[in-house]
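Engineer: got a structure for you, letters missing:
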């Protein structure tokens, strides 16, 4: 059974949902939402850097996790109310100090009780920053 994109979950609905929450505070912007994918970006600012002057790993994880979470919301099975994260993992292979980072979330498994999402985080120029995977428990 394929879990289809919920028509009521739009980019505007996701933008409204994040107001006053961590994604809003970080400045995460959702860009695209399609069947099985969601893309978002974040402009790097000095307050999002680690004390060493490079992009903080938690900033990268927050962007990837937000994009995967929003994608999960948009693909909840019929009668599901919400989700919660069971597990997440990230591999960081590069970093950045300025510009933007972009995360593209892609569905790996869209089940009735769990979903698995991968996100690739790149610099605005396309350089790979991190690979991320999370497992979401679907709540009814």
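Structural biologist: Perfect, thanks for sending it. Keep in mind the model is a prediction, meaning the values are calculated, not measured.
Engineer: The most centrally placed residue in the chain in helix, strand or coil?
Structural biologist: Against the mean C-alpha coordinate of the chain, by Cα atoms, centre = their mean, the closest residue is residue 67 at 1.7 Å. Using DSSP: H, G, I helix; E, B strand; the rest coil, the secondary structure recorded for residue 67 is helix.
Engineer: Please report how far it lies from residue 40.
Structural biologist: Separation of residue 67 from residue 40 (Cβ to Cβ, to the nearest Å) stands at 4 Å. For glycine as for every other residue, the C-beta is placed from the backbone atoms N, C-alpha and C.
Engineer: Mutual contacts of these two, please.
Structural biologist: Common neighbours of residue 67 and residue 40, using Cβ atoms under 8 Å, 6 or more residues apart in numbering, are 28, 30, 103, 105.
Engineer: is it true that the second one touches residue 12?
Structural biologist: Yep, that's residue 30 we're talking about. No. Here residue 30 lies out of contact with residue 12, judged by Cβ atoms under 8 Å, at a distance of 9.4 Å.
Engineer: Who has more neighbours out of these two?
Structural biologist: When residue 30 and residue 12 are compared for neighbours, residue 30 comes out ahead with 24 against 9, by other Cβ atoms under 10 Å.
Engineer: Any idea what the more buried one is bridged to?
Structural biologist: Applying DSSP bridges to residue 30 yields these beta-bridge partners: residue 40.
Engineer: and the closest residue to residue 81 other than its chain neighbours, how many neighbours?
Structural biologist: Using Cβ to Cβ, 6 or more residues apart in numbering and skipping residues adjacent in sequence, the residue nearest residue 81 is residue 139, 5.5 Å away. Close neighbours of residue 139, defined as other Cβ under 10 Å, add up to 11.
Engineer: Thank you kindly, that will do.
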